[in-house]
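Peer 1: Need a 3D model of the following:
(chains A, B, C and D, ligands or ions: 6)
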Amino acid sequence: MSENLSACMMRMVETDYALSDYQSDIAPRWCVGCGDTAILTAMQKLCRDEQLAPEKTVCVSGIGCSSRLPHYMNAYGFHGIHGRALPVAEGVKIRRPDLDVFVTTGDGDCTSIGAAHWIHAIRYNMNMTVLLHDNQIYGLTKKQASPTSPIGQKSNTTPFGSVLLPLNPLTVTLGVANVSFVAQAVDWIPDLLYDILKKAFHHRGLSFVRILQRCPEFMQHRFDDYVRDPSKMRILTHGNGLRLSPEVSRVYKNQETHDPLDMGRALAIAAIADEIPVGILYNDPSVPCYDDLRAGERPSTPALVETVLREEFDKVTIWPDDAEPVAAE
Amino acid sequence: MSENLSACMMRMVETDYALSDYQSDIAPRWCVGCGDTAILTAMQKLCRDEQLAPEKTVCVSGIGCSSRLPHYMNAYGFHGIHGRALPVAEGVKIRRPDLDVFVTTGDGDCTSIGAAHWIHAIRYNMNMTVLLHDNQIYGLTKKQASPTSPIGQKSNTTPFGSVLLPLNPLTVTLGVANVSFVAQAVDWIPDLLYDILKKAFHHRGLSFVRILQRCPEFMQHRFDDYVRDPSKMRILTHGNGLRLSPEVSRVYKNQETHDPLDMGRALAIAAIADEIPVGILYNDPSVPCYDDLRAGERPSTPALVETVLREEFDKVTIWPDDAEPVAAE
Amino acid sequence: MDNKAEQAVIERQPSKPRPKPAVVLSEHIVEIVSDSGEGAQRCGQSFGAIAARSGNGIWTVEIIPAEIQPPHRSVAGASGNRVRFASGPVTNGGNEADLVVAFNEQVLLSRLHADEIKPGGIILMESKWRNDRNAGIAASYAQVVEEIRTRGFRVYEVPMEVECLKLVPDPRKGKNMFVLGMLCGIYSLDEGLARAQVARIFGKKDQKIIDANIELLDAGRSWAETNLDLRFTVPAKRATEAQVVMNGNTALALGVVASGMEVCAMYPITPATSTSHYLSNIFEKVGCVVHQAEDEIAACAFAIGASYAGKCAVTITSGPGLSLKQEALGLAVMAEIPLVVIDVQRGGPSTGLPTKVEQGDLMAAIFGGHGDAPKVVMAPSTIEDCFYSVITARKIAETFNMVVMLLSDASLATAQQPFPRPSFREDWLAPPVNQSPVPEDAKPYDWDPRTGIATRFIPGQPNGMHCLTGLAHDRDSHVAYDPEINEEGLLNRSRKLAALQTTLRLPPLCGGDSGEMLLIGWGSTLGAIEEAVGILRAQGIAASSLHLKFLQPMASGIGEVMKRFTHVMSIENNWNDPLSDPLITPENRRYSSLALLLRSRYLVDIDCWGNARGQPLKPTAIVAAVRSKLGKE
Amino acid sequence: MDNKAEQAVIERQPSKPRPKPAVVLSEHIVEIVSDSGEGAQRCGQSFGAIAARSGNGIWTVEIIPAEIQPPHRSVAGASGNRVRFASGPVTNGGNEADLVVAFNEQVLLSRLHADEIKPGGIILMESKWRNDRNAGIAASYAQVVEEIRTRGFRVYEVPMEVECLKLVPDPRKGKNMFVLGMLCGIYSLDEGLARAQVARIFGKKDQKIIDANIELLDAGRSWAETNLDLRFTVPAKRATEAQVVMNGNTALALGVVASGMEVCAMYPITPATSTSHYLSNIFEKVGCVVHQAEDEIAACAFAIGASYAGKCAVTITSGPGLSLKQEALGLAVMAEIPLVVIDVQRGGPSTGLPTKVEQGDLMAAIFGGHGDAPKVVMAPSTIEDCFYSVITARKIAETFNMVVMLLSDASLATAQQPFPRPSFREDWLAPPVNQSPVPEDAKPYDWDPRTGIATRFIPGQPNGMHCLTGLAHDRDSHVAYDPEINEEGLLNRSRKLAALQTTLRLPPLCGGDSGEMLLIGWGSTLGAIEEAVGILRAQGIAASSLHLKFLQPMASGIGEVMKRFTHVMSIENNWNDPLSDPLITPENRRYSSLALLLRSRYLVDIDCWGNARGQPLKPTAIVAAVRSKLGKE
Ligand SMILES: Cc1ncc(C[n+]2csc(CCOP(=O)(O)OP(=O)(O)O)c2C)c(N)n1
Ligand SMILES: Cc1ncc(C[n+]2csc(CCOP(=O)(O)OP(=O)(O)O)c2C)c(N)n1
Ligand code: SF4
Ligand code: SF4
Ligand SMILES: [Mg+2]
Ligand SMILES: [Mg+2]
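Peer 2: Residues are numbered from 1 along each chain as shown, chains lettered A, B, ... in the order given. Ligands and ions are numbered 1, 2, ... in the order given. Below you'll find the model as predicted:
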C-alpha cells in the first residue's frame, strides 16, 4: 500500500497532469444537457487522478454521438467505424500492454451492429475499460429505436412505438463465459459514475460499465422520474465494491449490500425492472485475460525470427550435397 | 383436443407423408458416426409425425457441416452464407406465416460469426425452431477452435490448446430479453432429442435447441464419458416440459423436476459444468412474437396501395386550379 | 392538414394595394441560413412550396450542418435551405445564390467560404449582432459586414428580432416566418398562398399559433415593402396537370410502395434513412413491413429471405452499409434471388462525409463482391425518376432473378422538385406469390439457353422442393464442383445481363446529334449537365450530353454516338486524379468511374471532369471545364 | 524428424542390380488418385519430394475432394496429387497427365471427366474391384476399364491390395507406399532417397512401422520391375544451392514471420486458413500472435488496431471474407493505417468453389469499397514470390501508410515447388515501434505535397495525441466537412499510389521484345503462360508475355510494350463473356479483370482468354487460344 502510494507520488511529481491536460482543443459538440458530457468529465477526472500519461492512453470508439468522445480527450483517440470499437481496441492492446485502453460505445454501436464483438470481447476479457453510453436511442442518426429502447418508444423507424421489450445489456453480459466485471452507472450521479469508473479502471480484465445516459434531444424526460426520485435508484455497495460517501449515502437511501462475486444475485439485480441498480454487479478479478494468456514468453527479436525461420527452412531444405546439417549451422 | 386430433387425422388422410417423403435424393455426406445424422433423422421423424407438407417446410442454414442438412431434407432448403441463417429465416417468415421454418446452424455459424444475429433472433422471438449443432469445433474447415471448444482444445489454430473457457450458448441465450424457449439435447439420446424437438416445434415463438453433437472426425472421444455413463446426463422433466418414457427413465436416473418458467433455476442449470443437462430449461409461451406483432392488420392489396399512394400524393400535390379536392376523387 | 384552418386564413386575406412594379427575372436563387434549430430550413422549404404553388419551377437544396448539435454561430453549423425558382422548370440547384438571408455572420461565412454566393449578390443580415453585449461578437459582425460590403455584395441589415419582438415574446422562434414574409414581399409572391402555407405548417397546432405566425409573415412583408428597394418577380405559369413536390428520399419511399414490394429491411444510416422513416409511416397501412435489423448484413439477409419466400424485398442503405452487404449480395446473385438495393450515396471513403453528396459507389456497386457477381446497376437522375426507378427495379429484379442496385445520392435525397402527379397503375405491383404446383420435370435452375433466365420455385409450391445454395450448383440446385457446371452457372448469370441489355434503349441526347463535345453523365448530375449544355450552346459551342440510366448493363449505341463528337468527357461527382499534379500522368491517372468503364468498353479517349467536394456540381463549373478542355477559356 | 531412424534405413539399403535401361524423358506428369483417406495425397507428395531431392524440377498440385467426407468410390471424392517433374525447373501443373494411378475406377472417372489425362496415357488401376463381391461394383470396374482401353489409354491392372496383403494385415493402409515404390521403380528413382523419404514420413513412429512401410515400398518397386514394361528416367541435376520445397500457403506464413509483422488476425476460411495453421504453429515462438477472431470484420478491425498501435499486422482470408472486410478496409485507407491483407482467392461468387482456384477477386480488391479508397494490390506468381511478396507488402504498407492487398489463390496455396533457400536479412523486419516525442508543430496528417505521405504518430509518442477518424478530416485529424479539406484528403491518399507507381519497374518480357502476340497475365498463371509462350515460339509464332506483379498501381511502360505487338490478350483464370454466345456482342461483353483495366488505361483493343472452371489454366489451352485468335488453328 505505502509502496503503491510512493510510486504514485513519484509519478505525480514527475508529471503532474492537470484536468486540462486531458481536454483536447476541440469543444464538445453534444447537445445541452447531453449525458455524454458527464461521462467525458468523469473520464478526464479519472485520468487526472490516476495521472495517466496522455500519450499512453488510447480511447477507442465506434460511430455515434457517444463515439465522438475520443475527439474531446487529449489522448490518442481512435474514432473508427460503427460497431467495431471493441475489436479495434483488442488489436491495440494485444501487443501494447503499456497502453491504457478505454472504449466508448453507444447502445446501437455495442448491442446492435456490434453485438457479436461485444459478446466476444467479454469472453476475451482483455484488459480495458468499456463504457456503454446507453441513451436507449440512436442519437447521431436522429432518433431510431435501438435494441435498448423501451417498449412503445416512438422513433423515426417505429412511428407507432417499438414492439419489443428492450434488450438488457447487463443480463446478456453476465451470461458470457469469462465475464469479469460488470457495473451500471448513470450520468446524473457524477460521484458514483466516477467511483464506478475508477473501480472499473483498476480491475484487471475487461470492465464493462453500462451508463444510462440522458439524451435530451431525442429522449426527453426518459429518466426524469429517476432523476427526481433518488429512491428509484438502488445503490449496490460492498466492502469489495463501492463504498459510498456520506453525501451520496444521505441522498440515495435505497441501498443493497451486494457481493460482486455473487453471480446469482447479480443476475437478479440486473433483471430488476422498476428501479435502476447502480454499482458493481459482478467483479471476479481471478478471470484470466486473453492479452496475458497470449502475451508470449519473449518479445520478438531479429535473432528469434532468424532462428525460427532457419528451423522451418531446415525441415524442407534440399541441400546441394544431400547432407542435411544435423545441428544449426 | 379432439378437434385437433380430427384435424390432424384429416391431414393424415389427405396426404399421409412417410419418412421417406422428407428424404431428399442426396445421400448425406457426413462422416461415419457424425451426430448430424441423428439430428437429421429426428427432424425427419418430426416432420412425418406432424405431417408437415414438404412444400410448406423451409430449412434455413448457414455454412458448415451441420449447415448441409437442408440438402438432405425433402423440403425447401436455403443453404446460405456463413453466420446469416437467422436473419434469412426471419425474412422468410415475416410475411409467410404459412411456412414452418427450421434453422440449422453450427457453433461457429451461430455463436461466432453469427453472434449478433443470434442475440437479436432470440429477442425478435419469431416463430421458428432453431437447432444449434454444437460439436464444439469448426468441422467443415477442418478443425479450428470454436467459441464453444473446451479450454485446452488443440486445433489447427490453437496448436497449443485454446486458452479461454468455452462460451455457454445457454446462459447467453437466457440473458436475452424476450427469450421464450431454451432447451438442450444430445445427439446420442435420440428419443429425448426427438421429444425436445417436438416440444420446440410446438412452441409458439423462437425455440432455441442446443444439441451437443459428436464430431468423430475432429473431436473424437469428446463426449465418450457422457455416452458411457448415463448418470452424467441430468434429465430435466416437468408436467409442462419433458415427460420421459419408462425406457428412458430407467437408463437416465439422474433426473430433475424443473419448471421451465423458473428462470433463476434455468440459469443455474445452464451453468452446470460437470454434468450435461438435457431437457427444456426455459419455456414461456406468453412472450409475443415479432412476426405476430408486425403481421399488419390487413394484407396488401392493389386497392390499399392505391389508396395510400393517393393519400400521400394529396399531401404534396399542387392542383392545376389550386382547388385541392377535399375528399377522394 | 386542417382544411378548416386554412380556409379561415384565406378568408381573412386583406386587400392591400399592390406594391410598385417589380424587376422581372427568369429565375433567382435564394438561400436562408441560420444556426441549427432557428428555422431557416422550414422557412426555405415554405418559400419553395409557395413558389411551386404559384407555378414556378423550383429545386430546393438542404443546407445541412455537419454536426448533430453544432455550436451556435459557427461556420460548421450553417443550416438552411437553398431555393432555386424560375419561370420554367428547374432541374438542379444551380450556381451561386443571388440573395442570401443570414441569421448571423458566421453562417454567412460558411456560404462565402464555399463560394456559394454570386459576386455582387444581395445579402440580408440579422442586424442585432451589431450591438451584441459580447464585444467580440459585435466586432466580428461589424467586420464581416464591412468586408463583404468591400467585396461588392449588396448588404441589407435587417432588425429581424427587433421587429418580431413587437409581435411575439420569443423573437428567435418567430423570426423564420418574418423572413418568409419578407421574401414573399421581395419576390411579390401571392399573400394568400403564403398564408395558406403557414396554415399548412401549423395546421395541427391551435388557431392562436397560426394567427401569430401569420402576423409575423405579414410583418415581414410590410417591413420589406417599406424598407427595402428590392422588388422582383419571377413570372410563373400554373401547370395544367397536377404536380407533386417532394424530395428524392420520399419519392424512393413512395416508389417502394408503388412497386408492390412488401418488405423493406434496413439499418439506419445517413442519408438513406429518411427514406425508411417515410416508409415506416405508411408501409404498415398497406400491410407491409419496415424491419430495422441489427445491422446491414442482417438487413440484407432478411430481405433475401423475404424475397426467396416470394415477397420481393428492398434493402436501403448508404456507402458503408453497401460495403457491409457485399457478401450477402453475392449470395443473392449466386442463388438468383431477386432483390432491390437502394444506395443513397454520400461522401466516402469510410465514414467520410455522411451528409454530403458524392457519386462514389458506382464501382463498388458493379465490382464490389468477390468473384464474378453480375448485378444490374441503375441510377435515377431526377426526383420523379426516384419514384419510377424503384418500380422498374423491382420488375427487372423479378424478371431476371437478379440483384438490382439503385444509386441515388445525398443531393437527390433532400432536393425537392415538382413533377407530374403519378397516376396509379396496377401493373406496377408484383403479381401474387406463385403457389401453383411445379411441373414434375422442372428444375429450379432451368436456365434458358438464350437468356440465362430460370423460373424460380417459391416455398409453398408443391413439387418445387430443392435446396438453394451459394455454392456452385447444377440445374437441380445440387452442389457441384465440376468445371462445366461452374462455367454453366457463370455463363447463365452473366447472360441475363446481356439479355437485359438487348432490351435497353439509349436515352436521347440533349443538345445536338454531333459536335465538338459530348458530355456523359449519370445520376443526380443530369440537371446541371443539361443546363451547362444549354449555356455552352448559347455560347456557340457545339456541346451535347448523354445521361445514362443503366450503368450495368449499358444500352448499346454509346460508341456510335461518341464517334460523332470531337471530344468526349464524363461529368461525375466523384474523384479523379488531376493531371495538373506533378506526379499524375496520363498513364497512372485514376479516372472517374463512368469514364473508366466507357474507356474500357469503347477504347475512346474519354476525359473526365468532376470532383468529390461534397457538393453538387454547378452548371457554370461544368461550362468552365468544357471551355478549358476545348482551349476556349 | 528422427535422424537416427533415417540413418538406420540408409544403412540397410540392399545393393540390387539396376534394372534394364529406361526411356529418357524430359518431363512427366504423374497423378495418384484415391478415395479420401486412402493416402494418395501422401503418396504423391512423397513422390514429388523424392524427385525434388533427386534434383528434378517439380510442381505438385493437390487434387482435393469437394466434400469433407465424400462417399467412397465417388467421382466427387477423388483425392490425391499431381506431380509434374522434369529435368529443368517446373513452373506450373502442366497439361494432361502422362501416367495415372487410380485406386478405383470412380476416382479415375473424375480425372477423365475433367479432361486431365493425356489421350493414350498410361493408367495403373487397382484390380481388386474386378472380382468385387458386389456385382455392381465389379461390373462398373470392368466397364470402365473396357471403355478406357477402347479409348486408347494404356491400362495396367495392378493387384495392389493382393500384393500388400502378403506383407501387412490391412492392405488399404499400406497401399500408398506400395504405389510409391512402384512409381519409384517405373521412374528409376533412387532407392536410398525413397527409403529416406519413408523414414521421414514415419519418423515419429516406431521403427517397426518404418520397416513395414519400407517393405511395402520395396515390394512395389519389385512388382513394377517384374510385371510392367514401363521404365522411364527423367534426368535430374542437383541444384548447387540449397532449395526449399513448400506450398504457397506455407511460403506466405513464413513470409509473415520474415516480414517482422507481429500480429495476424484471421477467421478460418478455405483455402486461406492453412496459412494461419502453419503460422499458429510457429508465430508464438517469435513472440507474435495469431488471433482467431469471431468473424472476418473483427479480424480486420483487430489487425487495424494492432497496426495503429505500431505493430504492423496482417489479416488473411479468401473471397467471402474479403467481401466482409470491405468496410473496415475503407477505414484503414481513410485513416492511413498500414495493413497487409492476404486474399487466397477461390472460385466465386458467394461460397462458390471453396477449394478451387479462380482469379476472381481483382476487381473487388481494387474497387470493392464505397467511395474512393485507393489501395495497393499485388499478386505473387510463384511459391517463392509468396514468401518475398509479404515482406515487400509490409514495407510498402508502412512506407505509404496504406492497405496492401496480396492476391494469392487456391492454386498457389497447395502447389509445391522448390526455390532457393532464402537467407535471412534483418532489413526484412519492421523497425521497432517509434516511441520518440513528436516535434511540437507536427501534424498527424502532414501530407507531403508531392507524395501525399504523412508521418503517422503512434500511441506512446509524446506530443502526438490526436484522434484518428474515418470521417473526412484535416491535417490535425479534426473532423472537417469543407470541400477543400475533403479534396485535399482524397488527393493525398490518391497521390500515394502515384508516388509508389513512379518507383515500380516493369518486369522483363518473356519471349521477344516485339511480335505478333503479347500475352499479359498476373498471379498464379505465370508458369502456364510462359510455358505457352515457349511452345508458341517453338511453333514459329512470335508470342511473348508480360506478367504483372503490381495491379494497382501498375508500372508504367505497358503501353509502350503493347505497341510493339500486333495483338494483345490477357490470360486470366477468371470469367469473361464468350463472344460465341448469341447474345454477347463486343459492346456488352464482360471482360476479364485485367483486360478491363488495361483497356481502360491504354485504349488498346485487348482481348482476353481464360476461364473460371476451378482449375489452373493449362499451357496447351493457352497455346490453342492464341492460335485461334491468330487464325492459326
Ligand atoms: C456501417 C454503418 N451503419 C450505420 C451507420 C450510421 N450510424 C451512425 S451512428 C449510428 C447509431 C448511433 O446510435 P448509438 O450507437 O446508440 O450512439 P448514440 O448516437 O446514441 O450515442 C448509426 C446507425 C454508420 N455510420 N455505419
Ligand atoms: C464469410 C465466411 N467466413 C468463413 C467461412 C469458412 N467456414 C465455413 S464453415 C465454417 C465454420 C464451421 O463451423 P461450425 O459453424 O461450427 O459448423 P460445423 O462444420 O462444425 O458443423 C467456416 C469458418 C465461410 N464459408 N464464409
Ligand atoms: S442527440 Fe442525444 S446523445 Fe446525441 S448529443 Fe444530443 S443529447 Fe447527446
Ligand atoms: S467433420 Fe465432424 S461435424 Fe463434419 S461431418 Fe465429419 S464428424 Fe460430422
Ligand atoms: Mg444511443
Ligand atoms: Mg461446429
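
Peer 1: Now do the helices in chain A.
Peer 2: With DSSP state H, the ranges of helices along chain A come out as A:2-14, A:35-50, A:69-72, A:85-94, A:107-111, A:115-124, A:169-174, A:190-202, A:224-228, A:246-251, A:263-270, A:290-293, A:302-316.

Peer 1: Going by secondary structure, whichever residue of the stretch 201-350 of chain C sits closest to ligand 2 is in what exactly?
Peer 2: At 6.0 Å from ligand 2, C:Glu327 is the closest residue in the stretch 201-350 of chain C, using C-beta to the nearest ligand atom. C-betas here are computed from N, CA, C, even on glycine. Using DSSP states H and E, C:Glu327 maps to helix C:319-335.

Peer 1: I'd like to know how many residues surround C:Asp513.
Peer 2: 10 (other C-beta atoms under 10 Å in any protein chain shown).

Peer 1: tell me the contacts of residue 198?
Peer 2: Because you didn't say which chain, this covers chain A. By C-beta atoms under 8 Å, 6 or more residues apart in numbering or on different chains, A:Lys198 lies in contact with A:46, A:49-50.

Peer 1: Correction: the question concerned chain C.
Peer 2: Contact analysis of C:Val198 by C-beta under 8 Å, 6+ apart lists C:9, C:46, C:177, C:180, C:210, C:213-214, C:217.

Peer 1: Identify, from the residues you listed, the entry nearest to ligand 1.
Peer 2: Distances from ligand 1 to these, taken by C-beta to the nearest ligand atom, are shortest for C:Ser46, at 29.4 Å.

Peer 1: Please tell me I have it right and that closest one contacts C:Gln197.
Peer 2: Yes - at 5.1 Å, C:Ser46 and C:Gln197 qualify as touching, with contact defined as C-beta atoms under 8 Å.

Peer 1: Between the two, which has more neighbouring residues?
Peer 2: A direct count of neighbours by other C-beta under 10 Å for C:Ser46 and C:Gln197 places C:Ser46 higher, at 26 against 22.

Peer 1: For the stretch 1-150 of chain A, give the residue positioned nearest to chain D.
Peer 2: Residue nearest to chain D within the stretch 1-150 of chain A: A:Gly91 (2.4 Å; C-beta to the nearest C-beta).

Peer 1: Tell me how far the spatially closest residue to A:Val32 that is not a sequence neighbour lies from chain D.
Peer 2: Distances taken as C-beta to C-beta, 6 or more residues apart in numbering or on different chains place A:Pro216 nearest to A:Val32, at 7.1 Å, with adjacent residues excluded. Separation of A:Pro216 from chain D (C-beta to the nearest C-beta, to the nearest Å): 23 Å.

Peer 1: Over to C:His466?
Peer 2: From C:His466 over to chain D the distance is 17 Å, taken as C-beta to the nearest C-beta.

Peer 1: ok, that residue to ligand 6 distance?
Peer 2: 25 Å (C-beta to the ion, to the nearest Å).

Peer 1: so that residue touches C:Phe457, yeah?
Peer 2: Yes - contact criterion C-beta under 8 Å: C:His466 and C:Phe457 qualify, at 6.4 Å.

Peer 1: re earlier: who wins for most neighbours among the contacts of A:Lys198?
Peer 2: A:Leu46 (20 neighbours).

Peer 1: Poorly predicted segments of chain C, please.
Peer 2: Confidence mapping of chain C against pLDDT under 70 gives the ranges C:1-20, C:66-68.

Peer 1: Tell me, how many residues neighbour whatever residue of it ends up closest to ligand 5?
Peer 2: Across chain C, the shortest distance to ligand 5 (C-beta to the ion) belongs to C:Pro268, at 11.0 Å. C:Pro268 is flanked by 31 other residues according to other C-beta under 10 Å.

Peer 1: so which strand or helix has it?
Peer 2: Using DSSP H and E, C:Pro268 is not contained in any helix or strand.

Peer 1: dump the residue contacts of it.
Peer 2: Contacts of C:Pro268 by C-beta under 8 Å, 6+ apart are A:108, A:138, A:141, A:144, A:157, C:276, C:292.

Peer 1: so the second one touches A:Pro147, yeah?
Peer 2: Spelled out, it's A:Tyr138. No - taking contacts as C-beta under 8 Å, A:Tyr138 lies outside contact range of A:Pro147: 10.3 Å.

Peer 1: Would you mind writing the CA trace of stretch C:383-397 as CSV?
Peer 2: Extracted C-alpha coordinates of stretch C:383-397, given in CSV (Å, rounded to 0.1, in the frame of the first residue of the first chain):
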residue,chain,number,x,y,z
ILE,C,383,-36.9,13.3,-58.1
GLU,C,384,-39.5,11.8,-60.4
ASP,C,385,-37.0,9.2,-61.6
CYS,C,386,-36.5,8.2,-57.9
PHE,C,387,-40.2,7.2,-57.8
TYR,C,388,-40.4,5.3,-61.1
SER,C,389,-36.9,3.7,-60.9
VAL,C,390,-38.0,1.6,-57.9
ILE,C,391,-40.9,0.2,-59.8
THR,C,392,-38.6,-0.6,-62.8
ALA,C,393,-36.0,-2.1,-60.4
ARG,C,394,-38.5,-4.4,-58.8
LYS,C,395,-39.7,-5.6,-62.2
ILE,C,396,-36.2,-6.3,-63.5
ALA,C,397,-35.2,-8.0,-60.3
